[in-house]
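Novice: The sequence isn't on hand, but the structure is:
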């Protein structure tokens, strides 16, 4: 299931994904990488990760193996898109850290807002709502992130507060008609909270098989 597309159904040998499974007692170990193991020789299935073939999908997979039904699911979406957003958020956060170290406070605030807004959108893109793929306005992201995180409590309160504080601060940071209203100490605190937000996002975002970068 991928937002914006009709669901796809696969049967038997058409299933696509990588199992996490326990080997049965009849399998000789170590197993050479790339070798085939008969399905009947597995002694339990504990998970399934999708691959780049279904890079932004969630799934519900039912497997009948050795007289046991396994129901495997992950209803988080947009793994590949979120991975790209996280990579760019890291770049903006690094730029903010560098700017703060050189006392370029306006640039630090603007870059940190960009990083935090991207992370906020990542939390939203885990949901099966294609609006989060099409709408990029700051106001839309702010409204939905405050609803998802603040009203419904699905994101830690410090990260929602951080997003709102930086949303207010970035106006003077980007358009300096008035002096910046946040101090170097404020920015340092914001950066520390943003690092925590990144760690929280990394622990919760969906991952395709082989994606372990930044995992906690």
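Specialist: Arrived safely, thanks for sending. Keep in mind that this is a model prediction, so the values were computed, not measured.

Novice: Does residue 69 fall in a helix, a strand, or a coil region?
Specialist: Judged by DSSP: H, G, I helix; E, B strand; the rest coil, the three-state class of residue 69 is strand.

Novice: That one bridge partners, please.
Specialist: Listed by DSSP bridges, the beta-bridge partners for residue 69 are residue 64.

Novice: helix or strand for the residue lying closest to residue 127 once chain neighbours are set aside, which one?
Specialist: Excluding its sequence neighbours, the residue lying closest to residue 127 (C-beta to C-beta, 6 or more residues apart in numbering) is residue 77, at 6.8 Å. Quick note: C-beta positions are derived from backbone N, CA and C, even for glycine. Residue 77 belongs to no helix or strand when elements are defined using DSSP states H and E.

Novice: Can you report how many residues lie near residue 77?
Specialist: 24 (other C-beta atoms under 10 Å).

Novice: isn't it right next to residue 123, touching?
Specialist: No: counting by C-beta atoms under 8 Å, residue 77 does not reach residue 123; the two are 11.7 Å apart.

Novice: just to revisit the earlier point, ok, now how distant is the residue nearest to residue 127 from residue 8?
Specialist: Separation of residue 77 from residue 8 (C-beta to C-beta, to the nearest Å): 14 Å.

Novice: on that earlier part again, which residues does the residue nearest to residue 127 contact?
Specialist: 1, 2, 3, 56, 57, 58, 125, 126, 127, 128, 206 (C-beta atoms under 8 Å, 6 or more residues apart in numbering).

Novice: Can I get the residues you listed in TSV including secondary structure?
Specialist: Output for these, formatted as TSV (three-state DSSP):
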residue	secondary structure
1	coil
2	coil
3	coil
56	coil
57	coil
58	coil
125	helix
126	coil
127	coil
128	coil
206	coil
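
Novice: quick one, domains of the protein?
Specialist: When the chain is parsed with automatic domain parsing, its domains come out as 12-74, 79-204.
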